[in-house]
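1. here are the coordinates; sequence isn't available:
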């Protein structure tokens, strides 16, 4: 799933419409959580929303979409609540009735980007005190409309946006099938707020540790460890944001990185924290300290609810050893497991300094809520704001590890945050390349399987040519092989592998392709081609280890059948594959085109 902000959102050009619901008078008073009070208490403002965009595979009548949206609102209590200024100056929350309304068109001015028009709509409709503070929009095109659902942060978190998207698609499917889009009610977020108030007070050691971490940051929440402003940050106001979106690890490097985490006995998050700890020490000479959001969906009853189920903790990691970083993550989760209002009372609430540094982590693969992020071109969208702090989001999904970073657009922040991010991404990629996930251990020797680079092409051609059959059919100009490499590298279904020995010499290669299909009950296949091993590396079990690695590669991507072809003249190769369980059950046919 793509992490982005509204300025970089990828949307088609089309007619922009939004659905105006009807909101009834204020009803029963509802409890306000600590984080809601802090957020809404900052006042009415634009840019405090988050959104999710989805591209549908076919046109949808707006009335069908509206019926589905009303079913989602009926399911989730927080979407039927609004904030109003209280008599004591504190925000008050009230239940309201939300019913059908009407679609309106939002004009797109000549020369105006769709993104900018959408941003204007969401900045007006999704503010803390708007009634309601959420909005459904659709960008109508002739074929594939894009829907955007947004809400003020006081009512949603990123997990909630997935719940909303899933429920909206479910309800829409019911409407399109002629059924009522009824969705079973879920516990409302207001119930969660009450449940938190009933939790026992935090023990003294939790108060003490919070005080130690805040004291290390000058009795405030942690700051980014490098300068963001040219003058005293205490006198610098928020600046226009700069947002960087980076794809850190692709699916293969992400799998290798996760394998290394398992080898180290830690989580993937802990291994990322270890890298951030090392980078912070190298560039700033300090431990890694950051605000660390943790979810408060302690019980499964909240998994399908919508609300701001996120509270803040603090993370302090001074040792880049993976086990030490894992302990730091566990401590941060423990520190965030207690109601913050009581813990932060000595500071008069959450002490947010200029330059505050926050790190958020979301592993979509582990959430009990799923949507077809790839097929729907799903994008998590943040608003465009003024900021004086650094916010880093990590997202791990089936396509790999991604990050989005927001920081003030100053010369100092560009230089220091950019350098920190460059060093972090470089370290994570190097760790993935050198991970146990790509290692083949044979006796006393260690080989590494890696994705081939363009610079490896001459060595791969030499391996492909190093036998009588290869010499007869290889020998084209290098440019043709490089063009072929480019085509392979740009298709993520292919993995062109190289195997290196301890001296970094390429001693093997194979090309793996994941092929989804309808036959055999929708079986996904792993196609193995071009297996070659250098003469000096043969006879030691390397080929067997390479095929075992290839099989694991296929299983991790959903393949349940491996297939390959080899020339009938290769008697030894056919015997080798037979020993590994391959059966000559089909006739392979080829012809020249």
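-> Yep, that arrived. Predicted model, so just to flag it, every value in this text is computed and none were measured. Residues are numbered from 1 along each chain as shown.
2. starting at the chain centroid, how far to stretch 162-174?
-> Stretch 162-174 has its average C-alpha position 20 Å from the chain's average C-alpha position, going by CA atoms, centre = their mean, to the nearest Å.
3. any buried residues in that stretch, and which?
-> Within stretch 162-174, the residues that count as buried by 16 or more other CB atoms under 10 Å are 162-169, 171-172, 174. No exception for glycine: its C-beta is placed from N, CA and C like everyone else's.
4. just stretch 285-305 next, same as before
-> So for stretch 285-305, counting by 16+ other CB under 10 Å, buried means 287-297, 302, 304-305.
5. dihedrals phi and psi, residue 366?
-> phi -100, psi -10 (degrees, to the nearest 10).
6. the longest helix along the chain - contacts with which helices or strands?
-> Taking DSSP state H as the criterion, the chain has its longest helix at helix 411-433. If you count contacts as 3 or more CB pairs under 8 Å, 6 or more residues apart in numbering; DSSP states H and E, helix 411-433 packs onto strand 239-249, helix 251-264, helix 268-284, strand 400-408.
7. returning to what we had before: out of the buried residues of stretch 285-305, which two sit at the greatest distance?
-> 287 and 304 (38.0 Å; CB to CB).
8. can you tell me which of the helices and strands packed on helix 411-433 comes nearest to residue 29?
-> Closest approach to residue 29 among these (CB to CB): strand 400-408, 34.6 Å.
9. what strands line up against the closest one, and which way round?
-> Strand 400-408 has the following strand partners under DSSP bridges: strand 239-249 (antiparallel), strand 390-397 (antiparallel).
10. how near is the closest residue to residue 157 other than its chain neighbours to residue 153?
-> Leaving aside its chain neighbours, residue 157 sits nearest to residue 310 (4.6 Å; criterion: CB to CB, 6 or more residues apart in numbering). Counting by CB to CB, to the nearest Å, the gap from residue 310 to residue 153 is 9 Å.
11. between the two, which has more neighbouring residues?
-> Of the pair residue 310 and residue 153, residue 153 is the one with more neighbours under other CB atoms under 10 Å, namely 23 against 19.
12. for the more buried one, give me its contacts.
-> 39, 48-50, 308 (CB atoms under 8 Å, 6 or more residues apart in numbering).
13. show me those that map onto helices.
-> Reading helices off those with DSSP H, I get residue 39.
14. just the ones of the contacts of residue 153 in strands?
-> Among the contacts of residue 153, the members found in strands (DSSP state E) are 49-50.
15. how about the strands in the stretch 401-550 of the chain?
-> 439-442, 445-451, 494-500, 506-515, 525-533 (DSSP state E, counting those that start in this stretch).
16. of those strands, which is nearest residue 365?
-> When these are compared by CB to CB, strand 506-515 sits nearest residue 365, at 17.5 Å.
17. mind listing what's buried in the closest one?
-> 506-514.
18. contact partners for residue 18?
-> 103-104, 106, 121, 125, 135-138.
19. most neighbours among those residues, which one?
-> residue 136 (26 neighbours).
20. so it makes contact with residue 69?
-> Yes. Judged on CB atoms under 8 Å, residue 136 makes contact with residue 69 at a distance of 4.8 Å.
21. overlap in contacts, these two.
-> Residues touching both residue 136 and residue 69 by CB under 8 Å, 6+ apart: residue 19.
22. identify the farthest-apart pair in the buried residues of strand 506-515.
-> Among the buried residues of strand 506-515, 507 and 514 lie farthest apart (CB to CB), at 24.7 Å.
23. any idea how far residue 274 is from residue 506?
-> Distance, residue 506 to residue 274, by CB to CB: 30 Å.
24. cool, residue 59 as well?
-> 48 Å.
25. enumerate every residue touching residue 391.
-> Going by CB under 8 Å, 6+ apart, residue 391 touches 358, 360, 405-407.
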